[in-house]
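>>> Here is a sequence with its predicted model. Questions after.
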Amino acid sequence: MAAQMAQLLAGSDLDELREIVRRWMFDAPSERVRQQYQTFGAKLVELKAALAEAPVQPTRQELELALTMMLKLAAEQPRGV
């Protein structure tokens, strides 16, 4: 999953990323999943915007490593926190 997210961040412009998130939300199987996609997508768009402001762009591999660590940390968080 981190590799796919890194590819989205590195290979898509901000408008493309917003469209992808919009499609995720449209295709979500439930309201709960839709809300998760909306939250996650908003964070990806926010990250993409911040990366655009950076003087040096991270490589796809650097993005993948950072996203892998973030996903692992998120998975370790207790629910409801």
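Done, it's in. Numbering: from 1, shown residues only.

>>> Contact partners for A42?
By C-beta atoms under 8 Å, 6 or more residues apart in numbering, the residues touching A42 are V21. C-beta coordinates here come from the backbone N, C-alpha and C atoms, glycine included.

>>> just use 530 as the starting number from now, easier for me
Okay, residue one is now 530; in that scheme the one you just asked about reads as A571.

>>> From L594, how far off is it?
Distance of A571 to L594, computed by C-beta to C-beta, to the nearest Å: 22 Å.

>>> So which residues of the protein form helices?
Along the chain, the segments classed as helices by DSSP state H run 531-540, 543-556, 560-582, 589-605.

>>> With only the CA atoms kept, save the second one in CSV.
Output in CSV follows, covering the C-alpha atoms of helix 543-556 (Å, rounded to 0.1, in the frame of the first residue of the first chain):
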residue,chain,number,x,y,z
LEU,A,543,-2.7,18.0,-6.9
ASP,A,544,-5.8,18.0,-9.1
GLU,A,545,-5.2,14.4,-10.1
LEU,A,546,-4.8,13.3,-6.5
ARG,A,547,-8.0,15.1,-5.5
GLU,A,548,-9.9,13.3,-8.3
ILE,A,549,-8.5,9.9,-7.2
VAL,A,550,-9.7,10.6,-3.6
ARG,A,551,-13.1,11.7,-5.0
ARG,A,552,-13.3,8.3,-6.8
TRP,A,553,-12.3,6.4,-3.7
MET,A,554,-15.1,8.1,-1.8
PHE,A,555,-17.6,7.5,-4.6
ASP,A,556,-16.8,3.8,-4.8
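
>>> From the rest of the structure, what touches that helix?
Contacts for helix 543-556 (C-beta under 8 Å, 6+ apart): 537-538, 541, 563, 566-567, 570-571, 573-574, 577-578, 581.

>>> before we move on, back to that, a markdown table for the helices of the chain, including mean pLDDT?
Below are the helices of the chain laid out as a markdown table (pLDDT from 0 to 100):
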| stretch | mean pLDDT |
| --- | --- |
| helix 531-540 | 88 |
| helix 543-556 | 94 |
| helix 560-582 | 91 |
| helix 589-605 | 87 |
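
>>> Buried deepest among these, which one?
helix 531-540 (a mean of 16; mean count of other C-beta atoms under 10 Å).
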